[in-house]
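In: Quick one: sequence and predicted model below, then my questions.
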Amino acid sequence: MKTMKKTRSISFDLTIRLLLATAVFATLTIGSAFWVIQWSDARHHERKIMEYLHFLSRNLSLPIWNYDLNWIRVIGDTFARNEIISKVEIFDENRNVLYHQARPLQSVLIEKEKSVEHNGSIIGYVRIGFSKGFGKTYRRELLFSLLILVMTLFVLAGITGFFLRKILKTPLNTLIKGMDHIARGSYVFSDHLSDYVEFRKILTQFNQMAQSIRQREQELADMNQELSASENRFRTLAESVPCAIFRCKPDSLWTMEFIGSQIETISGYPSTDFIHNAVRSYAGIIHPDDIEMSDKMIRQAIEAGRKWVVERRIIHRDGSLRWVYEEGVAIRNKHGDVSFLDGFILDRTEHKQTELELKKNERHLRTLIETIPDLIWLKDADGVYLSCNPEFERFFGAREAEIVGKTDYDFVDRELADFFREKDKAAMAAGKPSINEEEIIYADDGHRALLETIKTPLYDSERKQVGVLGIARDITQRKQQEEELRSLRNYLANIIDSMPSAIIGVDRDGNVTQWNREAARMTGILPESAAGQKLVTVFPRLAVEMEKVHEAMEMREVRSDPRQILREANEIRYEDVTIYPLKANGIEGAVIRLDDVTGQVRLEEMMVQSEKMLSVGGLAAGMAHEINNPLAGMMQSANVISNRLTIPEHPANQQAAEEAGTSMKAIGLYMEARGIIRMLNNIRESGSRAAEIVSNMLSFARKSDSSMSSHNMAELLDRTMDLAATDYNLKKKFDFRQIEITREYENNLPLVPCEAGKIQQVLLNILRNGAEAMQEDHEKGSEKRPRFILRLIYERSEEMFRIEIEDNGPGMDEATTRRVFEPFFTTKSTNSGTGLGLSVSYFIITENHGGQMSVESTSGAGTKFIVKLPVNQKSRMNAQ
Amino acid sequence: MKNASTTILIIDDEPAFLQSMADYLEDQGFQVRMAQNGRVGLEVMDNEHQ
């Protein structure tokens, strides 16, 4: 807002100033005149006072010398009467006052002193003072004339002001009016202003000026119109580009002169915020980490006169970071100073993210290729290297830069290079990856390596082959491991195959995965045919085990089924089935093991049997010994009774009879009548039978080799056969000759050390039992012809002599077979055997001879007794 | 009796057997002495020779 100035008039001002100028001039004139008068007064006074002093000093010389005070006073008074002199003082040489005269109430204007001399020496001093009243009249006149002069000047000034006002006012008013016209846009102006020549000139100039103003105004209007159109154009352009165009000052805040509205999209703040830093500065939203570096770059570019380009982060209104790209140039004024920066800001966040992502991916890829322990390389179609990784560099012993642009022929010998090239071509010809193995030597440290190389043809976007990508892996160790694995697998397979058990592996679904040699032998199915088949198909009898197999897999526990009975042809076999769950390496399944334990079962049975026999034998022998003595007493007593009753010739008998009043004859008759002799005989017979049993039982425990000698077993057996024939004939009225005898004797049989009588007893026992059994069978109506098969076999491995006596009688059931050697066990009717025959035989063979005796029998199919005797002393000892 | 001057000492721990044997030998005309065990047998022999 304009402050209102006080209205002033030229004529008034002129008048005032003229008056002021006159006043100043008059004052100065008067002042200087006054000063000149003063100065000349002072000079005049000084001269006068000096004259007075000089005169006084001369006149006083003598009176002071004479110290004539009166005289001094007369001279002093004379001077003091002069009206301009206000003070007279006279002193002696010691400054003692000799005379003093001063007018009161008159100020001293000037005061001077002079020495009084006499004959050249100072004898006193004289001092005179002039009063102010001196020269006053003279000054008053001067002041008056000056006043008149000043008055005249004032009047002159007033008149001048009046005329000036008169002459200037009219044309000035006209001029003002004209200006008013111009101000209102009308440039037509009156051609009359004043008759004065000065105003004419002004008018002409003024009209010219109005003219040119009108012209310029027109031009400006045109220009403005153009500018506005242009600005519109640029504004539209600025608003429609996808970036924020700006112009800013080259200060640290980036103070915006202009910035496109797009900045709102980019930063979240409206563009008006930034213009002249109205709300915030652009520098204020730049990420603090970036600002220093990027501004430095911009300043460097500006200094170098280049356009500047930066990428930096800004903080968006929502707090997120945005990447912006800024590009611009410095605008310089004519002095070469930077006045503006013009440029644009582009949101590159997405682009930047993609770029960063890409860079990261590329870095990852590069790291991958460089850190991978495989050899990787790239060749063009002509076998020229395009790229390779560090591992490949080791192979060639050269840096990638040295390898690129060269071929295999530059690094390896011709033969190998040909080989590589041929494989490249093969891969390209096939149009698909080709794999081969090759043994190479690393150039860097000379170590050998077996490589598995994959060569893949490369295609450009037009499906044209442009080269070969090669990847090679060191498989030296893998090969070794494979080799080791293979031998280990073989070894394990051999172990599994050499097992006497059948080992069968199955997966969860019951399909065979493992099938060892024993399994193959048992089923007659080869491992190759069994693999993958259902277990129940290839091993039907294991169908019953499938439930347990599944159970084992579920529960992860071992399941077993011991002592499974297998009925083969005419033999019972035993088998242990064990099922182990498999859970190694995530492969689930089970292993089934089948063990043929027939031998073991038999052995166990036999051991039980022999244990039993041993205890029974021991018991029986002990019992026999205890029974033997009383039995002997009984029998002896029966004998004595018989003697005393039946021998009449005996004198003691006769004497006793006579003394009793009877005779031996009478006693004989009585006994005959009462059957006493028969009873006594009965006692004796029963006693001797019991004695026989007891004596047999005693042999259970007896061990004696006293009468051992070597015998030809064939002879012994044949002799026993004859004995049995007669014995049987006699006792049982059975024709032993009806029995067919088959002899299967091995040649060159060794002699057997034994007690011939005892062995004969054993053989006889067996033959008698067999014959009896066959007879019974025959009596029951069997059509079979009785038959014995006699076998004599020498088992060299065990050094045992084996005697087999097989009949084709009714046989025995299992229970009977098991108990056949027990003492007193018999199937015969109570009165036809003691039940000791076979047990005596058993003990003769086992206890006395250190051999083995067993029986095999199937009900309805006959019985086979097997006697094994050790052939030499050593084996006999072992057997025991 | 041809054997009358001969004395036989029988030692056995089985009384029935001892007695029956003694009976039998007496019938044969021997002088018989009996003992249940060896110590008694020795005592019997000592008595016989006194």
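Out: Now that the structure is in, tell me what you want to look at. Note that this is a predicted model, so its numbers are computed, not measured.
In: of all the residues in chain A, which ones are close to chain B?
Out: Contact residues, chain A versus chain B (CB under 8 Å from any CB of the partner chain): A:629-630, A:632-637, A:639-640, A:643-644, A:650-652. In this view, the C-beta of every residue, glycine as well, is placed from N, C-alpha and C.
In: of the residues you listed, closest to residue A:756?
Out: residue A:632 (28.8 Å; CB to CB).
In: Give the helix, strand or coil label for the residue nearest to that closest one when sequence neighbours are not counted.
Out: Leaving aside its sequence neighbours, residue A:632 sits nearest to residue B:17 (CB to CB, 6 or more residues apart in numbering or on different chains; 5.2 Å). Judged by DSSP: H, G, I helix; E, B strand; the rest coil, the three-state class of residue B:17 is helix.
In: Same check on residue A:776?
Out: Under three-state DSSP, residue A:776 falls in the helix class.
In: so what pLDDT did it get?
Out: Turning to residue A:776, the model gives it a pLDDT of 79.
In: residues in contact with the nearest residue to it once chain neighbours are set aside?
Out: Spatial nearest neighbour of residue A:776, chain neighbours left out: residue A:810 (6.9 Å); criterion: CB to CB, 6+ apart. Contacts for residue A:810 (CB atoms under 8 Å, 6 or more residues apart in numbering or on different chains) come out as A:773, A:776, A:777, A:780, A:782, A:859, A:860, A:862.
In: For the last one, give me the pLDDT.
Out: Just to be clear, that refers to residue A:862. For residue A:862, pLDDT reads 86.
In: Quick check: the gap between it and residue A:415.
Out: With distances taken as CB to CB, to the nearest Å, residue A:862 is found 82 Å from residue A:415.
In: now do the fifth one
Out: Separation of residue A:782 from residue A:415 (CB to CB) stands at 91 Å.
In: Same drill for those two, tell me which one is more crowded.
Out: Neighbours per residue, other CB atoms under 10 Å in any protein chain shown: of residue A:782 and residue A:415, the larger number sits with residue A:782, 16 against 7.
In: Am I right that residue A:438 is in a strand?
Out: Yes. Assigned with three-state DSSP, residue A:438 falls within a strand.
In: Name whatever forms a beta bridge with it.
Out: With DSSP bridges as the criterion, residue A:438 is bridged to residue A:451.
In: so how far is the lowest-mean-pLDDT helix or strand in chain B off the chain centroid?
Out: Taking mean pLDDT, DSSP states H and E as the measure, helix B:15-27 is the helix or strand of chain B with the lowest mean score, a mean of 85. The chain centroid and the centroid of helix B:15-27 are separated by 8 Å, computed with CA atoms, centre = their mean, to the nearest Å.
In: Tell me the helices and strands packed up against the helix or strand following that helix.
Out: Per DSSP states H and E, helix B:15-27 leads on to strand B:31-35 as the next helix or strand towards the C-terminus. Applying 3 or more CB pairs under 8 Å, 6 or more residues apart in numbering or on different chains; DSSP states H and E, one finds that strand B:31-35 contacts strand B:7-11, helix B:15-27, helix B:38-49.
In: Strand B:31-35: partners in the sheet, and parallel or antiparallel?
Out: Next to strand B:31-35 in the sheet, as set by DSSP bridges, lie strand B:7-11 (parallel).
In: Need the contact partners of the partner strand.
Out: B:18, B:21-22, B:25, B:30-38, B:40-41, B:44-45, B:48.
In: rerun at 6 Å
Out: Residues from elsewhere that reach strand B:7-11 (CB atoms under 6 Å, 6 or more residues apart in numbering or on different chains): B:18, B:21, B:22, B:25, B:30, B:31, B:32, B:33, B:34, B:35, B:41, B:44.
In: next one: stretch A:780-794
Out: With contacts defined as CB under 6 Å, 6+ apart, stretch A:780-794 is touched by A:713-714, A:739-746, A:749, A:774, A:801-802, A:804-808.
In: Among these, name the ones in helices.
Out: A:713, A:714, A:774 (DSSP state H).
In: The last one contacts residue A:806, doesn't it?
Out: I take that to be residue A:774. No. Residue A:774 lies out of contact with residue A:806 (CB atoms under 6 Å); the separation is 11.3 Å.
In: Between these two, which is the more surrounded one?
Out: residue A:774 (25 against 20).
In: if we can go back for a sec, ok, how many other residues are close to the residue nearest to residue A:632?
Out: A count of nearby residues for residue B:17, using other CB under 10 Å, gives 21.
In: residues contacting it?
Out: Applying CB under 6 Å, 6+ apart to residue B:17 gives the contacts A:629, A:632, A:633.
In: Could you name the helices and strands sitting against the helix or strand hosting the last one?
Out: Taking DSSP H and E as the criterion, residue A:633 maps to helix A:598-646. Here helix A:598-646 is seen to pack against strand A:571-582, helix A:676-698, helix B:15-27 when contacts are counted using 3 or more CB pairs under 6 Å, 6 or more residues apart in numbering or on different chains; DSSP states H and E.
In: Between the ones you listed, which one is closest to residue A:291.
Out: With CB to CB as the criterion, residue A:291 lies closest to strand A:571-582 of these, at 68.9 Å.
In: Secondary structure class of the residue nearest to residue A:776, three-state.
Out: Secondary structure assignment for residue A:810 (three-state DSSP): coil.
In: Can you list phi and psi of it for me?
Out: The phi and psi torsions at residue A:810 (degrees, to the nearest 10) take the values phi -70, psi -20.
In: Would you mind measuring from the residue nearest the centre of chain B to residue A:576?
Out: Geometric centre of chain B, nearest residue: residue B:33, 2.6 Å, by CA atoms, centre = their mean. Distance, residue B:33 to residue A:576, using CB to CB: 70 Å.
In: on that earlier part again, format the ones in helices among the contacts of stretch A:780-794 as JSON lines; extra columns: distance to residue A:522.
Out: Formatted as JSON lines, those follow (distance: CB to CB, whole Å):
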{"residue": "A:713", "distance to residue A:522": "38"}
{"residue": "A:714", "distance to residue A:522": "39"}
{"residue": "A:774", "distance to residue A:522": "38"}
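In: Which of those sits closest to chain B?
Out: Minimum distance to chain B across the ones in helices among the contacts of stretch A:780-794 is 41.5 Å, recorded for residue A:713 (CB to the nearest CB).
In: Need the phi and psi values for the residue lying closest to the closest one once chain neighbours are set aside.
Out: Spatial nearest neighbour of residue A:713, excluding adjacent residues (CB to CB, 6+ apart): residue A:752 at 5.1 Å. Per-residue torsions, residue A:752: phi -120, psi 130 (degrees, to the nearest 10).
In: Just give the number of residues close to residue A:174.
Out: Using other CB under 10 Å, residue A:174 has 17 neighbouring residues.
In: How about the residues of chain B by chain A?
Out: Proximity of chain B to chain A (CB under 6 Å from any CB of the partner chain) is limited to residues B:14, B:16, B:17, B:20, B:21, B:23, B:24, B:27.
In: Need the max-distance pair from these.
Out: Largest separation among the residues of chain B next to chain A by CB to CB: B:14 and B:27, giving 19.4 Å.
In: Contacts only, for residue A:394.
Out: Residues in contact with residue A:394, defined by CB under 6 Å, 6+ apart, are A:442, A:444.
In: where does chain A have low pLDDT?
Out: With pLDDT under 70 as the threshold, chain A has low-confidence stretches at A:1-11, A:105-109, A:132-139, A:187-195, A:569-570, A:699-707, A:727-735, A:828-834, A:873-880.
In: how's it carved up into domains?
Out: A:10-140, A:241-350, A:371-475, A:493-583, A:605-693, A:704-879 (automatic domain parsing).
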